[in-house]
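>>> Generate a structure from the sequence data that follows.
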Amino acid sequence: MRLKNLLFVTICGFFTHFSFSQEGLPIYTDYLTDNYYLIHPSMAGVANCAKIRLTGRQQWFGHEDAPRLMTLSVNSRIGESPSAIGGIVFTDKNGYHSQGGAYATYAHHLMFSRSETDLNMLSFGLSAGLIQYRLDETSFLFDGPDPIISGTVQTETNFNMDFGFSYQFLDFYLHGTVKNVLNNSGINRDVNITSNLRRYLLTTGYVYSKYGSEWSFEPSVMFQYREATQEAAIDVNAKAYKAMDFGTVWAGLSYRNSFDGAEYTTNANSTVNKQRLSQFTPIVGINYNQFMFAYTYTYQSNSVVYSNGGFHQFTLGYNFNCRRKRYDCNCPAVN
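Next comes the predicted model:
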């Protein structure tokens with residue numbers, strides 16, 4: 001079955017992206033694969049090591065024009081200073097829509113503890129970048145001319161910024177970010193959709209571990225809110241880590257639920273039903289010396305979907321320029 005049906009892709013887009021195609025880097029659960037910098041610029045250079053992360057996501061294997069995403073990010077402290085830099089490049093395709101972009105980040109970290117042994121740090125980060133949107137309308141005019149369809153490939157490049165903060169105290173953390181601070185023109189004729197892409201993210205969590213135990217546990221939540229459309233969703237996450245001689249093995253489960261829904265009918269009586277986005281994402285990963293590998297699989301539990309499963313994502317990582325000192329805390333994102 002071909003996905004080149006504009007109405008169908010638009011409906012499916014709500015349940016798979018919880019977003020519109022023109023909003024910059026999509027927000028999935030890849031931040032849980034030791035990759036908080038993807039959504040929070042204040043996390044650039046916060047870790048004991050510089051980090052490179054490569055992610056690839058493919059939805060609905062075997063179907064033409066299915067959504068797919070690739071990201072490459074790198075972030076590091078600037079020497080022994082409290083400043084850090086980072087960068088992200090990405091490409092995202094979903095049916096007729098595609099986008100690609102690049103961000104550059106500057107972050108600054110303020111230590112409040114007596115030394116780096118005890119973690120008590122407030123961080124600020126600013127990302128700025130260019131995003132190119134692309135809409136292929138070349139196959140839209142199958143019934144003849146249409147005044148609102150150009151029949152061409154439309155492109156538009158916009159500049160935007162993300163700003164955020166992070167506070168980390170021993171095993172506790174809190175991150176807040178405003179994404180797409182500036183207005184965008186995009187390539188959608190409805191300026192009410194594309195002019196304001198502002199999104200608010202709030203993440204908090206805590207890592208528990210008994211003294212001397214090889215195991216640690218990390219519950220966390222992430223709340224997101226889209227200003228223009230007043231859409232909101234929450235991720236409830238749980239991860240477990242086991243320390244090994246070579247590094248760490250870990251696994252987790254994330255549940256995403258939207259506070260908003262879509263209406264649909266299923267029978268001849270045109271009874272109106274409503275459902276909300278509901279996704280379960282198991283995660284497994286391993287840190288082997290300086291390398292990291294993770295895999296996530298998302299299952300969508302809604303009643304009306306194109307496919308419940310088939311959401312695969314892989315993350316490869318490498319840590320380098322690690323400092324000798326490590327924080328005395330259960331803080332995987334930092335240590």
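
>>> beta partners of A50?
F320 (DSSP bridges).

>>> Report the buried residues of the one helix or strand M222 maps to.
In the assignment (DSSP states H and E), M222 maps to strand 215-226. The neighbour-count check on strand 215-226 (16 or more other C-beta atoms under 10 Å) flags 216-218, 220, 222, 224-226 as buried. Any C-beta I mention is one placed from the backbone N, CA and C, and that applies to glycine too.

>>> again with stretch 45-60
45-53, 55, 57, 59-60.

>>> Would you map the helices across the stretch 1-150 of the chain?
Applying DSSP state H, counting those that start in this stretch to the stretch 1-150 of the chain gives helices spanning 6-17.

>>> Which parts of it are strands?
50-59, 68-77, 83-94, 97-111, 120-136 (DSSP state E, counting those that start in this stretch).

>>> what's the burial count for the residue nearest to A333 when sequence neighbours are not counted?
Using C-beta to C-beta, 6 or more residues apart in numbering and skipping residues adjacent in sequence, the residue nearest A333 is Y36, 5.5 Å away. Applying other C-beta atoms under 10 Å, we find 25 residues neighbouring Y36.

>>> show me the contacts for Y36.
43, 175, 203, 333 (C-beta atoms under 8 Å, 6 or more residues apart in numbering).

>>> so which of the residues you listed is the most crowded?
Ranked by neighbour count (other C-beta under 10 Å), the contacts of Y36 have M43 at the top, with 31 neighbours.

>>> Touching, that residue and N75? I think so.
Yes. If you go by C-beta atoms under 8 Å, M43 and N75 touch, sitting 7.4 Å apart.

>>> Give the residues shared as contacts by these two.
Going by C-beta under 8 Å, 6+ apart, residues that sit against M43 and also against N75 are 37, 107.

>>> Any idea what the closest residue to A104 other than its chain neighbours is bridged to?
Nearest non-adjacent residue to A104, counting by C-beta to C-beta, 6+ apart: G87, 5.4 Å away. With DSSP bridges applied, G87 shows beta-bridge pairing to V74, A104.

>>> wait, isn't G87 in contact with G101?
No. With contact defined as C-beta under 8 Å, G87 does not reach G101; the gap is 11.2 Å.

>>> Looking only at neighbour counts, state which of those two leads.
Comparing G87 with G101 by other C-beta under 10 Å, the one with more neighbours is G101, at 20 against 17.

>>> ok, now which ones touch the more buried one?
Applying C-beta under 8 Å, 6+ apart to G101 gives the contacts 24-25, 89-90, 129-132.

>>> Against R134, how distant is it?
To R134, G101 is 11 Å away according to C-beta to C-beta, to the nearest Å.

>>> swap in H312?
Distance from H312 to R134, by C-beta to C-beta: 24 Å.

>>> where does the stretch 51-200 of the chain dip in pLDDT?
For the stretch 51-200 of the chain, applying pLDDT under 70 flags the ranges 61-64, 116, 139, 141-151, 186-194.

>>> Give me the next element, helix or strand, following the strand holding M222.
By DSSP H and E, the next helix or strand past strand 215-226 is strand 231-243.

>>> tell me the average confidence for that next one?
Strand 231-243 shows an average pLDDT of 96 in the prediction.

>>> Residues in a beta bridge with L174, which ones?
Counting by DSSP bridges, the residues bridging with L174 are Y167, T204.

>>> typed the wrong thing, it's Q313
Under the criterion used (DSSP bridges), Q313 bridges to R57, T296.

>>> And for E231?
R226.

>>> so who does it touch?
Contacts of E231 (C-beta under 8 Å, 6+ apart): 18, 225, 258-260.

>>> same deal with Q224?
Contact analysis of Q224 by C-beta under 8 Å, 6+ apart lists 18, 27, 199-202, 232-234.

>>> Buried subset of those, written for ChimeraX?
Applied in ChimeraX, the following selects the buried portion of the contacts of Q224 according to 16+ other C-beta under 10 Å:
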select :18,27,199,201,202,233
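
>>> any idea which of the contacts of Q224 is closest to N160?
R199 (11.0 Å; C-beta to C-beta).

>>> what are the phi and psi angles of the closest one?
Main-chain dihedrals, R199, degrees, to the nearest 10: phi -140, psi 140.

>>> which helices and strands sit right next to the longest strand seen in the chain?
Using DSSP state E, we find that the single longest strand of the chain is strand 247-265. Under the contact criterion of 3 or more C-beta pairs under 8 Å, 6 or more residues apart in numbering; DSSP states H and E, strand 247-265 touches helix 6-17, strand 231-243, strand 272-288.

>>> Just checking: what are the partner strands of that strand?
Strand 247-265 is paired, per DSSP bridges, with strand 231-243 (antiparallel), strand 272-288 (antiparallel).

>>> Fine by me, we can end here.
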